[in-house]
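1. Sequence first, then the predicted structure, then my questions.
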Amino acid sequence: MKRGIYLRLSVMMFLEYAIWGAWFSYLSQYLVDHLGFSGLMVAIIYNLLPLGILLSPVTGGQLADRYAPTEKLLAVAALLGAALLWIAGGWLNLQEMSRTAAFWSLAAVMFIYAVIYGPTLPLTNSISFSHLTNIEKQFGGIRVWGTIGWIAAGWALTGWWGFVGEVRPSDCLLLAAVFSLLMGIFSFFLPHTPPKREGVEALAFVKAFRMLRDPNFLIFMAISFIVITELYFYYILTAPFLKDSVGITEGNIPLWMTTAQIGEIITMAILLPLILPKLGVRICLALGVIAWPIRYAVFAVGHPSWLVIASLPLHGFCYVFFFVVGQIYVDNVAPKDIRASAQSLWAVFVLGLGAIVGGFFAGWTRDIFTKEAAEQVITNWRYVFLVPMVVTILCALAFLIFFREPEKRKPPEATAP
């Protein structure tokens, strides 16, 4: 693979995940503390992105596999997304609205944004796989820049608040808009990735759904679906948990949460290229699931504070060894002419359906273990995090029992730039 292609794909990943990271980890704190949203309201806002991802096989995946160059699709989606994020964070003065009006205004804009941004997540994987000569060794080095982008967004948000001298929560959406604008401009310079028209069927996503006939692939998708539901306990609830139980100030929460992505960088850049070729997909996926209950057990205990903070990097290990390896597995088993749709199918089950269930499940669980006492809202975080701990233990056992190692496939040929 040429160095120029490697650099362009790395920048693409950086910007794609900087957009997501700018708002996703912190927005829940803004919605709860500044707008007074309930757990259900927060879950609905967060579930709009998975809802958009549900449409990705018939939008992004189908278009990329049959009709339009992937890089052009990414460019148009990012530019439209930048405008919508700017509206959500800037033009809608949510703090001067009633709680109900703020909710419906934000939900309307974020739904349109989710439909546009959601398909770009599997498409960035697809365009990368199209130009790699050795996926197992090269993809981690490219995908790690997405994690760096997520970290950079968190640090930029904290640094900006320090510079202006106040915490302005809607800035997370405005920062995401800036990254999205940059992504839209840069996407026009990505390696050309034309649609593969040699497929027998015009509807690539229909052929992708037929992959579920393989019992091994079906087991992988089912476990992935359950695991992502528990991941949303981290995404939605960690920020308020760190403020309530650990005592981290609101302005520093984005900074501390990026330690999870630092762990992801180390795992993806160093451990993944060494371990995946030696241990194979099955063991790496199992390691990713097993690390989950360890992290949630620490959250359930809730002290000492240094141990809770030290457990945050486990998120990176979990994410890489299950979800990144899972994306590689999907590309390995998918027929050549439907790989973008296969990635979108994975996104539907995991980032779409699983995330929707996970968002509601996490918000509902928090509401169950939250009560008002002496005009204060108190959450029993121990009980909250015991739930995903138990579920992920069961997932790890089921995966080891039922999933089998897939057959090796020769590395794909790189597409000429």
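-> Received the coordinates, thanks.
2. What pLDDT is listed against the residue most central in space within the chain?
-> Centroid-nearest residue in the chain, with C-alpha atoms, centre = their mean: Leu351, separated by 7.0 Å. Confidence at Leu351, expressed as pLDDT, is 77.
3. Okay, it and Arg3: tell me how far apart.
-> 31 Å (C-beta to C-beta, to the nearest Å). All C-beta atoms are positioned from the backbone trio N, CA, C, and that covers glycine.
4. Over to Asp244?
-> From Asp244 to Arg3 the distance is 47 Å (C-beta to C-beta).
5. cool, and Val308?
-> Taking C-beta to C-beta, one finds Val308 at 41 Å from Arg3.
6. Looking at the two, which has the bigger crowd around it?
-> More crowded of Val308 and Arg3, by other C-beta atoms under 10 Å: Val308, with 21 against 7.
7. who does the host helix or strand of the more buried one touch, helix- and strand-wise?
-> Following DSSP states H and E, one finds Val308 within helix 305-311. Helices and strands touching helix 305-311, by 3 or more C-beta pairs under 8 Å, 6 or more residues apart in numbering; DSSP states H and E, are helix 272-301.
8. Buried residues of the helix it packs on, list them for me.
-> Using 16 or more other C-beta atoms under 10 Å as the test for burial, helix 272-301 gives 272-273, 275-276, 281-293, 295-300.
9. Show me what it packs onto, helices and strands only.
-> Against helix 272-301 (3+ C-beta pairs under 8 Å, 6+ apart) you get helix 135-164, helix 215-241, helix 305-311, helix 314-319, helix 325-333, helix 381-402.
10. what pLDDT, on average, does that helix get?
-> Mean predicted confidence for helix 272-301 is 88.
11. Please compute how far it lies from its chain's middle.
-> Mean-position distance between helix 272-301 and its chain equals 17 Å (C-alpha atoms, centre = their mean, to the nearest Å).
12. before we move on, what about stretch 236-249?
-> For stretch 236-249, the distance to the chain centre is 20 Å (C-alpha atoms, centre = their mean).
13. Likewise for stretch 341-352?
-> Taking mean C-alpha positions (C-alpha atoms, centre = their mean), stretch 341-352 and its chain are 12 Å apart.
14. Repeat that for stretch 154-164.
-> 22 Å.
15. okay but Leu31 is in contact with Phe37, surely?
-> Yes - counting by C-beta atoms under 8 Å, Leu31 does reach Phe37; the two are 4.1 Å apart.
16. between the two, who's got more neighbours?
-> More crowded of Leu31 and Phe37, by other C-beta under 10 Å: Leu31, with 24 against 21.
17. For that one, give its distance to Ala208.
-> Taken as C-beta to C-beta, the span from Leu31 to Ala208 is 35 Å.
18. Just confirm His131 contacts Pro191, I think it does.
-> Yes - counting by C-beta under 8 Å, His131 touches Pro191, with 5.4 Å between them.
19. which regions of the protein sit below the pLDDT cut-off?
-> Applying pLDDT under 70 to the chain flags residues 1, 56-66, 91-96, 166-167, 169, 196-205, 250-251, 254, 374, 406-417.
20. Export the helices and strands packed on helix 272-301 as JSON lines, with columns for distance to Leu80.
-> As requested, the helices and strands packed on helix 272-301 are exported to JSON lines (distance: least, C-beta to C-beta, whole Å):
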{"stretch": "helix 135-164", "distance to Leu80": "20"}
{"stretch": "helix 215-241", "distance to Leu80": "24"}
{"stretch": "helix 305-311", "distance to Leu80": "38"}
{"stretch": "helix 314-319", "distance to Leu80": "28"}
{"stretch": "helix 325-333", "distance to Leu80": "25"}
{"stretch": "helix 381-402", "distance to Leu80": "34"}
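21. Among those, single out whichever gets nearest to Ile185.
-> Checking the helices and strands packed on helix 272-301 against Ile185 by C-beta to C-beta gives helix 135-164 as the closest, at 15.5 Å.
22. Quick check: next helix or strand after that closest one?
-> Assigned by DSSP H and E, the successor of helix 135-164 is helix 171-187.
23. Not counting that following helix itself, show me its contacts.
-> 11-12, 15-16, 18-20, 22-23, 26-27, 30, 71-72, 74-79, 81-83, 85-86, 88-90, 117, 149, 153, 156-157, 160-161, 254 (C-beta atoms under 8 Å, 6 or more residues apart in numbering).
24. In PyMOL, select just the buried ones from those residues.
-> The PyMOL selection below is limited to those of those classed as buried (16+ other C-beta under 10 Å):
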select buried, resi 11+12+15+16+18+19+20+22+23+26+27+30+71+72+74+75+77+78+79+81+82+83+85+86+88+89+117+149+153+156+157+161+254
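25. So which of the contacts of helix 171-187 sit within helices?
-> Among these, DSSP state H puts 11-12, 15-16, 18-20, 22-23, 27, 30, 71-72, 74-79, 81-83, 85-86, 117, 149, 153, 156-157, 160-161, 254 in helices.
26. my read: Ile116 touches Ala82, true?
-> No - proximity of Ile116 to Ala82 does not meet the contact threshold set by C-beta under 8 Å, at 10.1 Å.
27. Could you report the neighbour count for His34?
-> 16.
28. any idea how far Thr249 is from it?
-> His34 is 15 Å from Thr249, by C-beta to C-beta.
29. Ile294 now?
-> 27 Å.
30. now Ala291
-> Taking C-beta to C-beta, one finds Ala291 at 28 Å from Thr249.
31. pull the CA atoms of stretch 300-314 into PDB?
-> Only the C-alpha atoms of stretch 300-314 are listed here, as PDB (Å, rounded to 0.1, in the frame of the first residue of the first chain):
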ATOM      1  CA  ALA A 300     -20.000  -1.200  40.600                       C
ATOM      2  CA  VAL A 301     -17.600  -1.000  43.500                       C
ATOM      3  CA  GLY A 302     -17.100   2.700  42.800                       C
ATOM      4  CA  HIS A 303     -14.000   3.200  44.900                       C
ATOM      5  CA  PRO A 304     -11.200   4.100  45.300                       C
ATOM      6  CA  SER A 305     -11.300   6.900  42.800                       C
ATOM      7  CA  TRP A 306      -7.900   6.100  41.300                       C
ATOM      8  CA  LEU A 307      -9.100   2.500  40.500                       C
ATOM      9  CA  VAL A 308     -12.200   3.700  38.800                       C
ATOM     10  CA  ILE A 309     -10.200   6.100  36.600                       C
ATOM     11  CA  ALA A 310      -7.600   3.400  36.000                       C
ATOM     12  CA  SER A 311     -10.300   1.100  34.700                       C
ATOM     13  CA  LEU A 312     -11.400   3.500  32.000                       C
ATOM     14  CA  PRO A 313      -8.700   2.400  29.500                       C
ATOM     15  CA  LEU A 314     -10.200  -1.100  29.600                       C
END
